[in-house]
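**Q** give me a 3D structure for the following:
(chains A and B)
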Amino acid sequence: MSVNTVSKDQFKQFVAALIASEPSVVGVQAKGDRFVFDDLKSADALRLDYDVSILSPRKYVMPQKETLLKFEVGGDCQSVQDGKPLILLGVHPYDMAAINQMDELFSQDEYDTHYMCRRRQITIIACDVVSPSKNVFASSMGTATVQHGYDMLLTDVGESIIVEVRTDKGRVLMNHMPAARPASEDDLAKRSAVWEKNQHVLNKHVLECKPSYLPKLLEKNYDHPVWEEKARLCYSCGSCNQVCPTCYCFDVQDVVNWDMKTGSRVRVWDGCLLENFATVAGDHNFRKNRSSRFRHRLYRKGKYVPGKIGGQIACVGCGRCITACTADIANPVNVYNQLMERTDIG
Amino acid sequence: MSKPRVAIFDFACCEGCQLQIVNLEEEIIDLIGVVDVVEWREAMSEQSHEYDIAIIEGSITRPEDEHRLQIIRSRAKVLIALGACAAIGGVNKMKNNFDFNEVKRCVYGKDAEMPHLATTTTRAVHEVVPVDFTIPGCPINGEEFARVVRELLLGKTPTIPDYPVCVECKAKENVCRYEYGEICLGPIIRAGCGAPCPTAGWRCFGCRGFVDNPNVDAAKEVMEKYKLTVDDLKQKMVLFNSK
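**A** Here you go, the predicted structure:
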């Protein structure tokens, strides 16, 4: 809708105004020597120069635990939709791409009112990456920059910040930024330079094929030795799932209160690497081996989910799984490249 | 329907897990509303030989304990092992690494040969009698205890997590201890505690015991990656997971 420029001081005043006047502002900030998304208490705490957050902002669009409904045994149940207005400040392009995918997934098939109700109330202020993290490979996945999904996009071009307003929600927030002026040709050129650079430098692991080849590559390698070779060291701890911005699998549990009558049905994060992820009634586990679970995650990212969302690869190259995996086997690029070595994908 | 009768018994332990039940505070009133507690030495003076659910805290360390436990098992319809000592033997199993006479002399000095101090190999409750449900931890997680009790009363089969502590640790946005070159038992230990130790800056000490299928074969290669050894790992397991 519009592209503006503000100085860094003016931007700080904008953040302070958001915190003062908006019901809930979450921003990226330091936690020890890493970064996390958390309630933002002051403009000074915001760290838009962060490399990567420990968990992705998915924890706000799809909380680790959410109540779906309240019930009474033998009685009625009421659906719970508890979304509240929230501003998410500092979402990197690869995480924005992941949220865009989730928006598509939760609105197709059974339209998920719980997710969508919450999502509609979230305003996303994305920001281009300033400091590449040690394992990022977004450049390989085409997610180093992002074209849609956000309400506002910030690009740090040195002395100033370029603010692109994309939606009505974003336009309303501009009321807190009275000093903004329309971006000049020069500002836009600087922003393009940042994008151009990020499309190359967010690439600590280089995927040796176009992401669009992955479904075909996987189709031909279901029995490749790499699955067993890597999974041998897998702790089945699901760390790769927990930190992944595109993992959205969940478990549903009923929790009954002490009156033994009323209770709630909750949805909690699950992970396909966990031993009992695929255990069904009768205690049958159809993905018993570590290697079948290990393979499933890479198929899910590179073939199954893309089949549902028009070919978009469900790995956005954030690199979090690489950092989180104690056994150092989770790197999708290593696995896909290893498959490439002996596969003619035509 | 009459309320199920519950009896709580302790063996070799610090009784801290029972204290966690007392610590449920308001919830303890709810608990007492749905069960009839007929014996609980730490909280009341009455005793009873008739109960439906027996909750056992502590490990079995003396010859006479075995007999007492068998009697409790024969009277109870459902038997629950409560806390690390009952569930896996816990810290009491450290004794099994030493010569028992030496252990007795070290602990009791000149009284070591007193008959009531006779000691035998420490065992978890399930190593002596069949156990229906286990609530592990040192101490137990009160919330998990409350959930298991409610599910049991509802006729559901209570389950506890069979995935590693890493799941709950990552959810808390902790940085993996291994990234700092430190050993942590999290990848092989059963979750359900909410990872309080790594969240407080420690490692996982392993008090909830192993997941059903820990990847022990991976240990050597993974430890080498962090310039650690399997022996380093084994040393950390002695505290709660001695054999």
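
**Q** what's the neighbour count on residue A:178?
**A** Residues within reach of residue A:178, counting by other C-beta atoms under 10 Å in any protein chain shown, total 11. (C-beta placed from N, C-alpha, C; glycine too.)

**Q** for it, give me the backbone phi and psi.
**A** phi -60, psi -20 (degrees, to the nearest 10).

**Q** what residues are up against residue 120?
**A** You didn't pick a chain, so chain A it is. By C-beta atoms under 8 Å, 6 or more residues apart in numbering or on different chains, residue A:120 lies in contact with residue A:83.

**Q** I was after chain B.
**A** Neighbours of residue B:120 in contact, by C-beta under 8 Å, 6+ apart: B:61-63, B:100.

**Q** same deal with residue A:228?
**A** Counted by C-beta under 8 Å, 6+ apart, residue A:228 has contacts residue A:291.

**Q** check the gap between it and chain B for me.
**A** Between residue A:228 and chain B the computed distance is 12 Å (C-beta to the nearest C-beta, to the nearest Å).

**Q** repeat that for residue A:271.
**A** For residue A:271, the distance to chain B (C-beta to the nearest C-beta) stands at 7 Å.

**Q** where are the low-confidence patches of the chain?
**A** With no chain named, the answer covers chain A. Counting by pLDDT under 70, chain A shows low-confidence ranges at A:345-346.

**Q** my question was about chain B, not that one.
**A** B:1.

**Q** that older thread, highest neighbour count among the contacts of residue B:120?
**A** In these, the most neighbours by other C-beta under 10 Å go to residue B:61, 22 neighbours.

**Q** the residue positioned nearest the centre of chain B sits in which helix or strand?
**A** Centroid check for chain B by C-alpha atoms, centre = their mean gives residue B:84 as the closest residue, at 1.5 Å. The secondary structure element spanning residue B:84 is helix B:83-88 (assigned by DSSP states H and E).

**Q** hmm, who's touching that helix?
**A** B:11-13, B:16-17, B:56-59, B:81, B:90-92, B:124-126, B:134-140, B:207-209, B:240-241.

**Q** I'd say residue B:161 and residue B:192 touch.
**A** Yes: shown here, residue B:161 and residue B:192 form a contact pair, counting by C-beta atoms under 8 Å, at 4.6 Å.

**Q** looking at those two, which has the bigger crowd around it?
**A** Neighbours of residue B:161 and residue B:192, each counted by other C-beta under 10 Å, are more numerous for residue B:192; the result is 22 against 17.

**Q** in contact with that one, which residues?
**A** Applying C-beta under 8 Å, 6+ apart, the residues near residue B:192 are B:136-137, B:141, B:144, B:160-161, B:168, B:208.

**Q** now with 6 Å, please.
**A** If you count contacts by C-beta atoms under 6 Å, 6 or more residues apart in numbering or on different chains, residue B:192 has them with B:144, B:160-161.

**Q** cool, residue A:265 as well?
**A** Applying C-beta under 6 Å, 6+ apart, we find residue A:265 in contact with A:68-69, A:254.

**Q** so it: helix, strand or coil?
**A** Secondary structure, DSSP: H, G, I helix; E, B strand; the rest coil: residue A:265 is strand.

**Q** measure it to chain B for me?
**A** Using C-beta to the nearest C-beta, residue A:265 is found at 14 Å from chain B.

**Q** how about residue B:150, what does it touch?
**A** residue A:256.

**Q** ok, residue A:180 touching residue A:6?
**A** Yes: using C-beta atoms under 6 Å, residue A:180 makes contact with residue A:6 at a distance of 4.9 Å.

**Q** how many neighbours does the closest residue to residue B:228 other than its chain neighbours have?
**A** Using C-beta to C-beta, 6 or more residues apart in numbering or on different chains and skipping residues adjacent in sequence, the residue nearest residue B:228 is residue B:183, 5.9 Å away. Using other C-beta under 10 Å, residue B:183 has 18 neighbouring residues.

**Q** wait, isn't residue B:163 in contact with residue A:274?
**A** Yes: if you go by C-beta under 6 Å, residue B:163 and residue A:274 touch, sitting 4.5 Å apart.

**Q** which residue ranges of chain A form strands?
**A** A:2-7, A:25-31, A:34-39, A:65-72, A:77-79, A:86-91, A:122-127, A:152-156, A:160-165, A:181-182, A:250-256, A:262-269, A:279-280, A:284-285 (DSSP state E).

**Q** quick one, which of those is nearest to residue A:331?
**A** With C-beta to C-beta as the measure, strand A:34-39 is the member of the strands of chain A nearest residue A:331 (19.1 Å).

**Q** show the backbone phi and psi for residue 47.
**A** If you meant another chain, say so; for now it's chain A. Torsion angles, degrees, to the nearest 10, at residue A:47: phi -120, psi 80.

**Q** oops, chain B please
**A** phi -130, psi 160.

**Q** count the neighbours of it for me.
**A** Neighbours of residue B:47 under the rule other C-beta under 10 Å: 10.

**Q** that one against residue B:40, yeah?
**A** No: at 9.4 Å, residue B:47 and residue B:40 do not qualify as touching, with contact defined as C-beta under 6 Å.
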